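Asker: Following is a predicted model, sequence given first.
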Amino acid sequence: MVLLIVLIGIFFDTIGVASTAANEVPFHAMAAERLTGAKHAIFVTRNADRVASFCNDVIGDISGIISGTASATVVVQLTLQLGHSDGSLFQYIISVVFTSVVAALTVGGKALGKTFAIHFSTGIIFQVGRFLYFVEKTFKIKMVDNPSKKKKGNRKSK
C-alpha cells in the first residue's frame, strides 16, 4: 500500500513537470488531424501552471505525507507482530531502514519521473489529454471549453 501511494506521487509529479515542459504546437497539428484528446492536451499545456501546481504541490505533497504516515504505521505493526514494542534497538533499526527505503523510492522515483517528463512531455501530455477526453465523454463532465462553439456577441456598428 505504501508503494502504491509513492507511485501515485511519482506519477502525478511526472504529469506536472511534463505539462510545463510540453510545447503546444504539436497538439495543434494533432487537433487539426482530429486526434482524440488533442484539444484536451492543448488545454493542459495552456494551463500548465495550474496543472503543475495541482499535480506537484497538491497530489505530490499529499501523497508524500500519506506515504510517510503509512510507513510509520507499517513499522509499528511490524514491531508489534515481531514482539519488539518495548523501544528496542530492533525497532529503531526497522524504523530507520523502512523510512529510508520509502524516502529513497520517493526521491529517486520523482527524479527519474522528472527526467522522463522533460524528454517525453509531448507523449505524456497527449496521453493525459486522451484520458481527460475519456473522462469527459464517459462521465459527461465538461473539462475543456470549445472556443469555436462560443456564441459571438452582437456588435453594433457605428
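Answerer: Happy to help now that I have it.

Asker: Sort out which residues of the helix or strand containing A29 are buried, please.
Answerer: In the assignment (DSSP states H and E), A29 maps to helix 25-32. For helix 25-32, a neighbour-count test (16 or more other CB atoms under 10 Å) marks 26-27, 30-31 as buried. Glycine gets a C-beta too; all of them are placed from N, C-alpha and C.

Asker: So which elements touch it?
Answerer: helix 38-46, helix 121-139 (3 or more CB pairs under 8 Å, 6 or more residues apart in numbering; DSSP states H and E).

Asker: Skipping its backbone neighbours, what lies nearest Y133 in space?
Answerer: G37 (4.3 Å; CB to CB, 6 or more residues apart in numbering).

Asker: quick one, strands of this structure?
Answerer: For the chain, strands defined by DSSP state E do not occur.

Asker: and the longest helix for it?
Answerer: helix 89-119 (DSSP state H).

Asker: So what angle separates the directions of the lowest-mean-pLDDT helix or strand in the chain and helix 89-119?
Answerer: Across the helices and strands of the chain, the lowest-confidence element by mean pLDDT, DSSP states H and E is helix 61-81, at a mean of 90. With axes from the mean of the first three to the mean of the last three CA atoms, to 10 degrees defining the directions, helix 61-81 sits at 150 degrees from helix 89-119.
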